[in-house]
Each structure stands twice: as structure tokens, then as C-alpha cells.
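**Q** here is my input; please provide its structure:
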Amino acid sequence: MNELYLDNSASVASTVERIMKSLRLVITQLRRLLEVSRSDIERRQSLTEKQA
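**A** As a prediction, the model looks like this:
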């Protein structure tokens, strides 16, 4: 019984590690996209101000 519990714990830990790794990658991608979006907004605002 104890061995089965340890196997399940290891499996759960491994699954959580994979999920955390995936989440970190997604967060990194979202941060990059946010930065690109902010830069684009700033560039557009600058162009609008120059045209005004």
C-alpha cells in the first residue's frame, strides 16, 4: 500500500512539474506579446500626435 502511495505521489509531482513548466512558458510568451503590444500602441500614439 505504501509503495503504491509513493508511486502516485511521484506521478502527481511529475505532472505538477510539467504543468508548471508549461505555465512558465505561456507566461513568458504572454509577457513578450504584451511588450510588443505596448510598443505598438506607443508607436501609433506617437504617429497620431505627429499628424495632429
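**Q** all contacts plus neighbour counts: C-alpha atoms, from now on.
**A** Fine.
**Q** give me the pLDDT value at N2.
**A** Confidence at N2, expressed as pLDDT, is 73.
**Q** list the contacts of the residue most central in space within the chain.
**A** For the chain, the residue nearest the mean C-alpha position is I27 (1.3 Å; CA atoms, centre = their mean). For I27, no residue meets the contact criterion (CA atoms under 8 Å, 6 or more residues apart in numbering).
**Q** can you say which helix or strand has it in it?
**A** Using DSSP states H and E, the element containing I27 is helix 2-51.
**Q** and K21, how many residues sit next to it?
**A** Summarising burial for K21: neighbours were counted as other CA atoms under 10 Å, giving 12.
**Q** before we move on, what about R38?
**A** 12.
**Q** how much space between it and Q29?
**A** Distance check for R38 against Q29: by CA to CA, to the nearest Å, it reads 14 Å.
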